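# sequence below, structure please.
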Amino acid sequence: MTSNDRETLFYALDAAVMQSQGREFLGSTKVYGEWQPLTAQRFHERRKHQAAGLLALDIGHGDHVALYMENSWDWLVADLAIQSIGAVSVPIYTTMSADSIAYILRHASVKAIFVSPSFADATFRETVQDVASLKTVICLSSRMSIHHQAEALAGPGAEVSLTTEGLETLGAESIKTNPAVVEEAARSVKADDLLTLIYTSGTTGTPKGVMLTHRNVASNLREALKRIPFTMEEGYGQVVLSYLPLTHIFERMICYLYLSFHAKIHFVEDVKEMPVDLQEVKPFMFASVPRLLEKLHAAVLMRGRDLTGAQRKIFDWAMKRLESYDPEHPPKAFSPAGISHKLADRLVYAKIRERFGGKLFGIVSAGAALSPTLFRFMNGIGLWCGQGYGLTETSPVLTIQDPTRMRVGSTGKALDNVALRIAEDGEVQAKAPSITPGYYAQPEQTAEVFTKDGWFKTGDIGRLDDQGNLFITDRKKALLKLSTGKYVAPQPIEDALVQTGFIEQAVVVGNERKFCSALVVPSMDSIRKRLVMDGRLPSLPAPHIEREKIQEFVQSLIDAANHRFSPWETIKQFAILDAPFSIESGELTPTLKVKRSFVAQKYQEVIDQLYGN
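Numbers count the residues shown, from 1 in each chain. Alright, predicted model coming up:
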């Protein structure tokens, strides 16, 4: 790519796909339990026909087109079709409420929407019927039964309703009349044209539409490719797995990277089936958020605790070694530490890697901080596990680790075209060609996130070491200020509790209070099993006895974790919640971040009782 007005994302990705046309297999999507393959030739044809079909429907340069469907190759086909004609994609999380969807469609003045039949129900039809700007509804054919088709297209309120197959047929006919119709539209797209509007899920307030241009994302893609932890030749044609929502810029960028080195992308159907999918696909790489890795880590620890005798001793010895493993300075092969590590690998670590399919090179983690414990564990068992940092507003990558920069606790160094600085209050600020021009139709909110001298305010607290590695402490808004005047970063405390393997979720509270408390969601089955195994609980205990023993066990976990923190950071009181935090119940964003203000409001009585004691 060059730096002129043809520096559009579409040209970069289309060139990569065109180079793949000699390959029969491009990837697959799991639908109703079956992997549906796609060839590079078919991808290119569908993308071009959809683009021509949109133009035939009078949808073109600058028009806003929503994507409301599951992760799939269909998602990427529509994405590239939209951007190739200069239209603007508006991805919508499938977990969003009807009110949030209606808000986005209206605020963005969406003209057309691609929708999966899984979501094109009566609620969807009611949601879209009053959106004045919406003229076209396009329903995904690949997931559509005859019943679905009749239901999805039953008068959603738009002027035109058709399937993706119908759209492609319309486009093919248009190309017969004007073979260059798509290419002519593509040539009109400029680097500073809007590529996408991404409405941040947000941990507080109304969603904001982040504007990202072709130059924003294309420049980020180009620089991120320089930092992948393998050569392009090593990555070429490798099998990869995708489970994070493409609606989020992180996974979307990851898939653009995959396309760039011709990886075979397999889109999972249900994250709960990940263990099965890992064995079926045997991926070389996948992207993740820490939450999934925490669950996998906890599962390994739980399985290890079921061992007895010599096997248990070997497992505990191998896990103990990982506590001090340094990915930046791993033990030398023939040193005593290196020989011990190799033995641990043969006896324990290799078996853990088999749970990831057996062929996994590595995982890139983002979206939240990867704890040092988890970082050491993943890299120590023989998987490359790097961490990146960025935001939707930065397209998204600002920093990323690579095999030569694996400092524990850091998110790596800035990309070559990114400048970072730390403000007086500790906030990380950035300048880069990948940074958003602002929020759509929200000038006041845009002004708030830029300094007077043009630096973007990330809202994160962090520091830079003498080699330029960035360390993120917490979200600026997440910091708790105790009534004593002390500040507390809740994330490290929450990580310490979750890393026990017996607590699934934890939220630290205490703003304007004298001390910190915690709301915890224990892994009840694991705790019961441990208590019975240790003889501290009968197999069929009375309910009040079980509650008491679980309360005591959780207290012991908190006491152990407290030793790692300063006195004002320790947890003095806690409450066990009956239900886990979830997207559906409102405590989590679609990217699994905790909505702290929502949690504080929802559990206000519980929190008041903690401090009333």
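# scan this structure for its longest helix.
Counting residues, the longest helix found in the chain (DSSP state H) is helix 543-562.
# please enumerate the helices of the stretch 101-250 of the chain.
Ranges of helices in the stretch 101-250 of the chain, per DSSP state H, counting those that start in this stretch, are 122-128, 146-152, 164-177, 181-187, 214-225, 232-235, 249-260.
# mind listing the strands for the stretch 351-500 of the chain?
Listed in chain order, the strands of the stretch 351-500 of the chain (DSSP state E, counting those that start in this stretch) span 362-365, 384-390, 397-400, 413-414, 419-422, 427-431, 438-439, 456-464, 470-475, 480-481, 487-488.
# ok, and what's touching stretch 544-551?
If you take Cβ atoms under 8 Å, 6 or more residues apart in numbering as the criterion, stretch 544-551 is touched by 522, 524, 527-528, 531, 536-538, 541, 576. Any C-beta I mention is one placed from the backbone N, CA and C, and that applies to glycine too.
# what two of these are the furthest from one another?
Within the contacts of stretch 544-551, Pro538 and Ile576 form the most distant pair, 20.4 Å apart (Cβ to Cβ).
# let me see the mean pLDDT of the longest helix of the chain.
Helix 543-562 shows a mean pLDDT of 92.
# just the buried residues of it, please?
546, 549-550, 553-554, 557-558, 561-562 (16 or more other Cβ atoms under 10 Å).
# distance from it to the middle of the chain?
Relative to the chain's own centre, helix 543-562 is displaced by 32 Å; criterion: Cα atoms, centre = their mean, to the nearest Å.
# restricting to C-alpha, output that helix in PDB.
Taking Å, rounded to 0.1, in the frame of the first residue of the first chain, the C-alpha atoms of helix 543-562 are listed here in PDB:
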ATOM      1  CA  PRO A 543     -27.900 -26.500  53.300                       C
ATOM      2  CA  HIS A 544     -26.900 -24.300  56.200                       C
ATOM      3  CA  ILE A 545     -23.800 -26.300  56.800                       C
ATOM      4  CA  GLU A 546     -22.800 -26.200  53.100                       C
ATOM      5  CA  ARG A 547     -23.300 -22.400  53.000                       C
ATOM      6  CA  GLU A 548     -21.100 -22.000  56.100                       C
ATOM      7  CA  LYS A 549     -18.300 -24.100  54.800                       C
ATOM      8  CA  ILE A 550     -18.300 -22.400  51.400                       C
ATOM      9  CA  GLN A 551     -18.200 -19.000  53.200                       C
ATOM     10  CA  GLU A 552     -15.200 -20.100  55.200                       C
ATOM     11  CA  PHE A 553     -13.500 -21.500  52.100                       C
ATOM     12  CA  VAL A 554     -13.900 -18.200  50.200                       C
ATOM     13  CA  GLN A 555     -12.700 -16.300  53.200                       C
ATOM     14  CA  SER A 556      -9.500 -18.400  53.200                       C
ATOM     15  CA  LEU A 557      -9.000 -17.600  49.500                       C
ATOM     16  CA  ILE A 558      -9.400 -13.900  50.100                       C
ATOM     17  CA  ASP A 559      -7.100 -14.000  53.100                       C
ATOM     18  CA  ALA A 560      -4.400 -15.600  51.000                       C
ATOM     19  CA  ALA A 561      -4.800 -13.100  48.200                       C
ATOM     20  CA  ASN A 562      -4.700 -10.200  50.700                       C
END
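# make CSV out of the buried residues of helix 543-562 and add distance to Thr247.
Putting the buried residues of helix 543-562 into CSV (distance: Cβ to Cβ, whole Å) gives the following:
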residue, distance to Thr247
Glu546, 41
Lys549, 43
Ile550, 37
Phe553, 39
Val554, 35
Leu557, 35
Ile558, 36
Ala561, 34
Asn562, 38
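# for the residues you listed, which one is nearest Lys48?
Ala561 (55.8 Å).
# so what pLDDT did the residue lying farthest from the centre of the chain get?
In the chain, the residue that sits farthest from the middle, by Cα atoms, centre = their mean, is Thr177; the gap is 42.3 Å. The model reports Thr177 with a pLDDT of 96.
# what of the one 10 residues further on?
The per-residue pLDDT reported for Arg187 equals 92.
# going forward, the N-terminal residue is numbered 62.
Taking 62 as the first residue, the last one we looked at is Arg248.
# what separation do you get for it and Ile120?
Separation of Arg248 from Ile120 (Cβ to Cβ, to the nearest Å): 18 Å.
# looking at these two, which is more packed in?
Ile120 (22 against 14; other Cβ atoms under 10 Å).
# quick one, what contacts that one?
Applying Cβ under 8 Å, 6+ apart, the residues near Ile120 are 126, 146, 148, 172-173, 197.
# keep only those of the residues you listed that are in strands.
Counting by DSSP state E, the part of these found in strands is 126, 173, 197.
# mind putting those residues into CSV with neighbour count, pLDDT and distance to Tyr154?
Supplementary listing: the ones in strands among the contacts of Ile120 in CSV, determined by neighbours: other Cβ atoms under 10 Å; pLDDT from 0 to 100; distance: Cβ to Cβ, whole Å:
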residue, neighbour count, pLDDT, distance to Tyr154
Val126, 27, 98, 16
Ala173, 24, 97, 18
Thr197, 23, 95, 21
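# and which of those is nearest to Glu341?
Val126 (33.0 Å).
# identify the residues contacting the closest one.
115, 120, 139, 143, 148-151, 171-175.
# including distance to Ile442, could the residues you listed go into a markdown table?
As requested, these are exported to a markdown table (distance: Cβ to Cβ, whole Å):
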| residue | distance to Ile442 |
| --- | --- |
| Leu115 | 47 |
| Ile120 | 49 |
| Ala139 | 38 |
| Ile143 | 41 |
| Ala148 | 45 |
| Val149 | 43 |
| Ser150 | 38 |
| Val151 | 40 |
| Val171 | 45 |
| Lys172 | 49 |
| Ala173 | 47 |
| Ile174 | 43 |
| Phe175 | 40 |
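# only whichever of the residues you listed are buried, select them in PyMOL.
In PyMOL syntax, the buried subset of the contacts of Val126 is picked out as below (16+ other Cβ under 10 Å):
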select buried, resi 115+120+139+143+148+149+150+151+171+172+173+174+175
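# right, and out of the contacts of Val126, which lies closest to Phe436?
Minimum distance to Phe436 across those is 33.5 Å, recorded for Ser150 (Cβ to Cβ).
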